[in-house]
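Asker: Need coordinates for the following:
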Amino acid sequence: MKTFLRLLAAAVIAGLLSLMLGPPLAIEQTAMVSDKLAHAAAFFLIAVCLEILIWRSSRLLPCLLALAIGGLVELIQGAIGRDASWGDWLADLAGISVAFFIMAGLKPLIDGTGRPGPRAARSRS
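Answerer: Predicted coordinates for the structure are as follows:
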């Protein structure tokens, strides 16, 4: 199951990067979703996927890596004729921040290191 999740996470990252670095699609210009919201959602997913791929690291490393990827995407977009902006990078940061706090809350539960319930506390005393 871990292997499947890691492959899926890598595929999601590759797909999102190809959308961001490829030629603009017609749907991007007619979409009802703002560009900033799309950036925040995409980098939320990228941060979560990096957390899955780099599970044993600190929570901060996948988020910093996602932020660096966001900066590189903006630089590359500017070089290939797409719109690059600080606003997009700040939207990336917003999505990454939400992912950081959600994963911070979920990681102890997933790892099984969460706080013990009342029954576990009574059995230790």
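Asker: Which stretches in the protein count as helices?
Answerer: Assigned by DSSP state H, the chain shows helices spanning 2-21, 26-30, 35-53, 60-79, 86-111, 118-124.
Asker: so where is this protein shaky, pLDDT-wise?
Answerer: For the chain, applying pLDDT under 70 flags the ranges 26-32, 56-57, 107-125.
Asker: Swap in 80 and give it another go.
Answerer: 1, 24-33, 55-59, 106-125 (pLDDT under 80).
Asker: count of residues packed around residue 25?
Answerer: For residue 25, the count of nearby residues is 10 (other C-beta atoms under 10 Å). Just so you know, the C-beta spots here come from the backbone N, C-alpha and C atoms, and that holds for glycine as well.
Asker: Out of the helices of the chain, indicate the one that is most buried.
Answerer: helix 35-53 (a mean of 21; mean count of other C-beta atoms under 10 Å).
Asker: Can you tell me how far the residue nearest to residue 21 when sequence neighbours are not counted is from residue 22?
Answerer: Nearest non-adjacent residue to residue 21, counting by C-beta to C-beta, 6 or more residues apart in numbering: residue 76, 5.8 Å away. Distance check for residue 76 against residue 22: by C-beta to C-beta, to the nearest Å, it reads 11 Å.
Asker: Same check on residue 91?
Answerer: Residue 91 is 19 Å from residue 22, by C-beta to C-beta.
Asker: what residues does stretch 34-52 touch?
Answerer: Stretch 34-52 is touched from outside by 5-6, 9-10, 12-13, 16, 19-20, 28, 31, 59, 62-63, 65-66, 69-70, 87-88, 91-96, 98-100, 102-103, 107, with contacts defined as C-beta atoms under 8 Å, 6 or more residues apart in numbering.
Asker: Report the spatially nearest residue to the residue positioned nearest the centre of the chain, omitting neighbours in sequence.
Answerer: Closest to where the C-alpha atoms of the chain average out (C-alpha atoms, centre = their mean) is residue 47, at 2.0 Å. Using C-beta to C-beta, 6+ apart and skipping the chain neighbours, the partner closest in space to residue 47 is residue 99 (3.7 Å).
Asker: likewise residue 20?
Answerer: Closest to residue 20 by C-beta to C-beta, 6+ apart is residue 73, at 5.2 Å.
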